[in-house]
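>>> How does the following fold in three dimensions:
(2 chains)
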Amino acid sequence: MEWEVVIGLEIHTQLATRSKIFSGASTAYGAEPNTQACAVDLGLPGVLPVLNREVVRMAALFGLAIHARVAPRSVFARKNYFYPDLPKGYQISQLDLPIVEAGYLDIDLDEQTTKRIGITRAHLEEDAGKSLHEDFHGQTGIDLNRAGTPLLEIVSEPDMRSAREAVAYMRKIHELVRYLGICDGNMQEGSFRCDANVSIRPQGQQELGTRTELKNINSFRFVERAINFEVERQIDVIEGGGRVIQETRLYDADLDETRPMRSKEEANDYRYFPDPDLLPVEIDAAFIEAVRATMPELPDAKRDRFTQEYGLSRQDAAALTSSRELADFFEQTVAAAGGEGKLAANWIMGELSGLLNKEGRDISASPVTPQQLGGMLQRISDGTISGKIAKQVFEAMYNGEGDADSVIEKKGLKQITDSGAIEQMIRDVLEANPKQVEQYRGGQEKLFGFFVGQVMKATQGKANPAEVNKLLKQLLGG
Amino acid sequence: MHQMTIAELAAELRAGTFSSEELTRSCLERISRLDPQLNSVITVTSDSAMAAARQADARLRQGNAPVITGIPFLHKDIFCTEGVRTSCGSRMLDNFKAPYDATVTARLKDAGAIMLGKTNMDEFAMGSSNETSFYGPVRNPWDLDRVPGGSSGGSAAAVAARLAPMATGTDTGGSIRQPAALCGITGLKPTYGRVSRYGMIAFASSLDQAGPLTTSAADAAVMLQTISGFDPRDSTSIERPVDDYLQQLDNDLTGLRIGLPKEYFGAGLDPQIAAAIEAAIDEFKKLGASVHDISLPNSQLSVPTYYVVAPAECSSNLSRMDGVRFGYRCENPKDLQDLYVRSRGEGFGPEVKRRIMIGTYALSAGYYDAYYLKAQQARRLIRDDFVSAFEQVDVIMGPTAPSTAFRLGEKSDDPVSMYLSDIYTIAVNLAGLPGMSIPAGFANGLPLGLQLIGNYFEEGRLLNVAHKYQQISDWHTRMPDNF
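Okay, the predicted model is just below:
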């Protein structure tokens, strides 16, 4: 039987605020356990939550970016359950009235096709702490530094039909939240993680199959693998005459498999009710407009502009707009070069990215500044250096030897464009190779390249190649 | 000096008749001598009290000190006090020393009031008799075989016995007003949001309010002035200036419209109390007030609504008492489940467990709509009754409690009858209005209270009305024998 895969994602993004969602404690990652948990985070008797206004702004910005409704009134609710790393015995979240509702995002399936993925809702909530089961000799350690860290949980419609689409959607959300500056996107530190709801149904069937929820997947690669494993498993179960049970499953990256989580945790009745310690969040039109005014250019719009404004291919434009930093680097380079979009794109995605990748560095850590790169491009376009020489200049700049002009000066890389000097050098070359001259003139025209090579060698590559070609043709002809 | 009002004490402190240190020592001496009969104080903080009194004396000598500077108070053990046990009347928090001060605590300390100690209370403020405390019941100074009311029973008994001129209380369904009535003193529950709840251990967050317990309305005004006001650490506290309560105390009552809800004078009310309340109302007529019969038609919904809302909220609020980070933890838990079950099972008393169970049930999937949501709807109806009533009258009056103080153990096995002792006070919390109880006579030799209910943020008017009555009556000056 042909099976159709149905996937919905719940993505937890940690909002990049300095302090927690309901307290003034720092959200910085990696501190000594329990040093960034104040009385509120510890859930001590008597403490009360106070909403960090910044999370409301961030959620609204996200809502506007996905064409969603930003709710004029949203309500925090308590999700009650007992766990040692949940200090209050409840998590403050949003249930019935989330801050963002009904948006969408378009993902690229290939160069021509896009697909619209519905986003049901996005709601604000606090993160729990961490239980540390190792190193405590049969006991469990609790680190509450993460408790109260703000999360925006983004829930998609079950609109994805393959693991590949799910990854494309997850990447797109990842790109978007970083563009908006509301999440650092760091998956190793857990700032961006995802649960996947997966089900299968016979091709053509309307009704959805029973789904399983795959928990806490923290890399793009794992999302793809976990979903693919789970789809195969569900097909095996059904084709083997069994039934998929609705359950929560954990993806084990080491074994590359999913397995059921303890069912005890599923038996929870969360007893949601509006948190009486917090007032409903009221957002007026003026606030929305103020947020909208700060909206940066988003990846799709930027990509389209790059293809039009700089004549780039859609693929190149997409690559350059994959992060705001990279896109900014590109545009600053073009500005410094006074144009030359294509050339800038080639250098950034070629030489520069190559070197950065090799060292595992990000564009923000590039030793070559956009101003330096733009300066070099200018020297290529004004004929001061050739593209070939430029590689030497670039490497020198990358190694911190200064900007293009000073490298060219110091190393004497300036292109020879004086036709008199070039002509003299050509004459010397022809004189030194009479046999080849004879052969060329006898009809072996492919020897032309040999002469070019000799001239370039004599000038250490600095002669203007166009000028060399022109003069060489003249002199060999005579 | 234990018979003086706050205003008199403040005047004597400034005149140098005695110092705050002497006053504080005298209160501490009365506590150690008299409280063993009452059990109204859980923790006495003598050393810090004496140190604070010396500081207050220095401040008084400098001049410009607030009226409350140097005046001793007892603090309900529900308010967090830095470095001092904050038990909430429970075994669960018997070992809990709060690492911070509640906002109410901080405001009193900053103003120079002297904390003598922490008062006994029903466990987690759940009770109307002060019999659910882990530290044992409090006895009523008017009759040691009787309860002082609750949950602020320790504070009320202590003020009635003149162990301190003032005490703090909290009121979720009547926990300031009902014990004030049963002990013959003055108590005020402010408008919801007027006093910060930060650091006040939550029972039912949407109902809890802190307020003063004193002998007179004038004293309550001084205390309320100190503890009221917006607090950025409590999202439900209201950003609105605090009225000058003292200035309003002597306003003339001519033209005051008093509403008497017929539902507050029906069956179940002790006839002697009804007679005393009517007599008190007549006194207000003499002061120029007019009296109007009104109706609060949804009154009968108050008790059932409250016993859904309050337990629902408490079942969640008390989840943090889990034996993990602070408070009581059972011996040798064998696993996580055992840690939770035994720590909570051993740490909480039966009334707290009962309410957690009721609340958990009311919030459960499949019951939420029928209970919690329905209760919220009923709550709106109850509030709307008051909103319409205040279009016709300025203040609503009636009895605070249906009976005078009952005997210890009398209602312990009958929770419903116990819950009904708050029948007149609960609606005020559900509506979020300010309410007050003042002494208005005696029945069977026991004090009884007149309840005054005001419109939102009209604490000033309540204090004014109560003060004018106390100027022409002396019930509030009566003291129990032997104290």
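>>> helix/strand/coil for A:Glu153?
Three-state call for A:Glu153 (DSSP: H, G, I helix; E, B strand; the rest coil): strand.
>>> which ones are touching it?
Contacts for A:Glu153 (C-beta atoms under 8 Å, 6 or more residues apart in numbering or on different chains) come out as A:10-13, A:93, A:122-125. From N, CA and C alone the C-beta is placed, and that goes for glycine too.
>>> Identify the bridge partners of it.
On the basis of DSSP bridges, A:Glu153 is bridged to A:His12, A:His123.
>>> Kindly provide the distance from the residue of the stretch 301-450 of chain B found nearest chain A to B:Ser235.
Chain A sits closest to B:Ser319 of the stretch 301-450 of chain B, with a gap of 2.4 Å, by C-beta to the nearest C-beta. As for B:Ser319, its distance to B:Ser235 is 19 Å (criterion: C-beta to C-beta, to the nearest Å).
>>> neighbour-wise, which of the two wins?
More crowded of B:Ser319 and B:Ser235, by other C-beta atoms under 10 Å in any protein chain shown: B:Ser319, with 23 against 20.
>>> For my notes, confirm A:Arg116 occurs in a helix.
No - when three-state DSSP is applied, A:Arg116 is found to be strand, with no helix at that position.
>>> ok, the residue lying closest to A:Thr149 once chain neighbours are set aside - contacts?
Using C-beta to C-beta, 6 or more residues apart in numbering or on different chains and skipping the chain neighbours, the partner closest in space to A:Thr149 is A:Asp127 (4.1 Å). Shown in contact with A:Asp127 (C-beta under 8 Å, 6+ apart): A:14, A:146-151.
>>> just B:Met115 next, same as before
B:45, B:48-49, B:52, B:72-75, B:81, B:105, B:108-109.
>>> Spell out, range by range, the strands that occur in the stretch 1-150 of chain B.
Along the stretch 1-150 of chain B, counting by DSSP state E, counting those that start in this stretch, strands occupy B:41-44, B:72-76, B:114-119.
>>> the inter-axis angle of the helix or strand that the last one is followed by versus strand B:114-119?
So that's strand B:114-119. Counting by DSSP states H and E, the next helix or strand C-terminal to strand B:114-119 is helix B:153-160. Relative orientation of helix B:153-160 and strand B:114-119, computed by axes from the mean of the first three to the mean of the last three C-alpha atoms, to 10 degrees: 130 degrees.
>>> got the contact list for the residue lying closest to B:Asp208 once chain neighbours are set aside?
Sequence neighbours aside, B:Thr172 is the residue nearest to B:Asp208 in space, at 5.1 Å (criterion: C-beta to C-beta, 6+ apart). By C-beta under 8 Å, 6+ apart, the residues touching B:Thr172 are B:125, B:151, B:203-204, B:207-209, B:310, B:429.
>>> So B:Thr172 versus chain A, what's the distance?
Distance, B:Thr172 to chain A, using C-beta to the nearest C-beta, to the nearest Å: 12 Å.
>>> Could you do B:Gly184 as well?
For B:Gly184, the distance to chain A - C-beta to the nearest C-beta - is 30 Å.
>>> Measure how buried that residue is and give me the count.
Counted by other C-beta under 10 Å, the residues lying close to B:Gly184 total 31.
>>> which non-adjacent residue is nearest it?
B:Pro447 (2.9 Å).
>>> related to what we said a few turns ago, nearest to B:Leu144, out of the strands of the stretch 1-150 of chain B?
Closest approach to B:Leu144 among those is made by strand B:41-44 (15.7 Å; C-beta to C-beta).
>>> So what does B:Pro141 have for phi and psi?
Taking degrees, to the nearest 10, you get phi -60, psi -20 for the backbone angles of B:Pro141.
>>> again, but for A:Ile119
phi -120, psi 110.
>>> residues near it, how many?
When neighbours are defined as other C-beta under 10 Å, A:Ile119 has 25 of them.
>>> Give the buried residues for the helix ranked longest in chain A.
Assignment by DSSP state H gives helix A:220-239 as the longest helix of chain A. Across helix A:220-239, burial judged by 16 or more other C-beta atoms under 10 Å in any protein chain shown covers A:220, A:222-231, A:233-234, A:238.
>>> of these, closest to A:Leu326?
A:Phe220 (17.6 Å).
>>> how far away is that closest one from chain B?
Note on A:Phe220: its distance to chain B, by C-beta to the nearest C-beta, is 34 Å.
>>> Contact partners for that residue?
So A:Phe220 contacts A:167, A:170-171, A:174 (C-beta under 8 Å, 6+ apart).
>>> of all those residues, which two lie farthest apart?
Pairwise across these, and taking C-beta to C-beta, the largest span is found between A:Val167 and A:His174, at 10.1 Å.
>>> Wait, the residue of the stretch 301-450 of chain B closest to chain A touches A:Phe82, no?
Yes - here B:Ser319 lies in contact with A:Phe82, judged by C-beta atoms under 8 Å, at a distance of 6.7 Å.
>>> so what's A:Lys264 scoring on pLDDT?
With respect to pLDDT, A:Lys264 has a value of 46.
>>> And chain A, is stretch B:326-339 touching that?
Yes - judged by C-beta under 8 Å from any C-beta of the partner chain, stretch B:326-339 and chain A are in contact via B:326-327, B:336.
>>> Which among those residues count as buried?
Among these, the ones that count as buried (16+ other C-beta under 10 Å) are B:326-327, B:336.
>>> ok, back up a step: adding secondary structure, distance to B:Ala15 and pLDDT, write the contacts of A:Asp127 out as CSV.
Output for the contacts of A:Asp127, formatted as CSV (DSSP: H, G, I helix; E, B strand; the rest coil; distance: C-beta to C-beta, whole Å; pLDDT from 0 to 100):
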residue, secondary structure, distance to B:Ala15, pLDDT
A:Gln14, strand, 62, 95
A:Arg146, coil, 58, 92
A:Ala147, coil, 54, 94
A:Gly148, coil, 52, 95
A:Thr149, coil, 57, 95
A:Pro150, strand, 56, 97
A:Leu151, strand, 61, 97
